[in-house]
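the sequence isn't on hand, but the structure is:
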């Protein structure tokens, strides 16, 4: 697979005209719409555009479990970013996160240049093998992962925040 690398080290299928370590402009534009900085939007169109954009970034023929496994094997991610991916899988599976996605957003995007240390990193207390844990669950391994994500009460918001963290612009200010 020819891959693109995004600002926080995420690897995804190469998109035409993408420059490695830069955000995806469609994600940044959707985030502006989501934040309400643009008025007079058609919410139904926004909803479907956000879903289509996320699916195209993951890869139309792949599923979220494969995307996560690829990134967990990558040397580009900090342990905290790996834990965020696992927390996202957990959310898709049962609608619960270790911490709210907006907290992950703040921690990962504003402190991306700080290396994880045992006392500062966000790590699970139990060792997890993603191949035998929830990544293998049919909900995440299936190509219907987006529907499972959206069935949770705040699933769409969680998906948009997650897309921003994975593929959006990273703040340089702290």
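The structure has been received and is ready for your questions. Since we're looking at a predicted model, the values are computed, not measured. Numbering: from 1, shown residues only.

switch to C-alpha atoms for all contacts and neighbour counts from now on
Will do.

shaky segments in the chain?
Counting by pLDDT under 70, the chain contains low-confidence residues at 1, 37-38, 60-62, 111-143, 171-174.

please, where are all the helices along it?
25-35, 43-58, 64-72, 79-94, 101-110, 138-141, 145-150, 155-167 (DSSP state H).

how close does residue 11 get to residue 4?
6 Å (Cα to Cα, to the nearest Å).

do the same with residue 94
The spacing between residue 94 and residue 4, counted by Cα to Cα, is 30 Å.

if we can go back for a sec, which one's more surrounded, residue 11 and residue 4?
For the pair residue 11 and residue 4, the greater number of neighbours falls to residue 11 (26 against 20), based on other Cα atoms under 10 Å.

correct me, but the more buried one touches residue 21?
No - the criterion here is Cα atoms under 8 Å, and residue 11 misses it with residue 21 at 9.8 Å.

what sits in contact with each of those two?
Taking Cα atoms under 8 Å, 6 or more residues apart in numbering as the criterion, residue 11 and residue 21 both touch residue 5.

nearest approach to residue 16 belongs to which of the helices of the chain?
The closest of the helices of the chain to residue 16 is helix 43-58. By Cα to Cα, the value is 11.1 Å.

angle of the closest one against helix 64-72?
50 degrees (axes from the mean of the first three to the mean of the last three Cα atoms, to 10 degrees).

one step back: can I get the helices of the chain in JSON lines including distance to residue 15 and mean neighbour count?
Shown next, in JSON lines, are the helices of the chain (distance: least, Cα to Cα, whole Å; neighbours: other Cα atoms under 10 Å):
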{"stretch": "helix 25-35", "distance to residue 15": "11", "mean neighbour count": "16"}
{"stretch": "helix 43-58", "distance to residue 15": "8", "mean neighbour count": "15"}
{"stretch": "helix 64-72", "distance to residue 15": "15", "mean neighbour count": "20"}
{"stretch": "helix 79-94", "distance to residue 15": "21", "mean neighbour count": "21"}
{"stretch": "helix 101-110", "distance to residue 15": "22", "mean neighbour count": "17"}
{"stretch": "helix 138-141", "distance to residue 15": "23", "mean neighbour count": "18"}
{"stretch": "helix 145-150", "distance to residue 15": "20", "mean neighbour count": "19"}
{"stretch": "helix 155-167", "distance to residue 15": "12", "mean neighbour count": "21"}
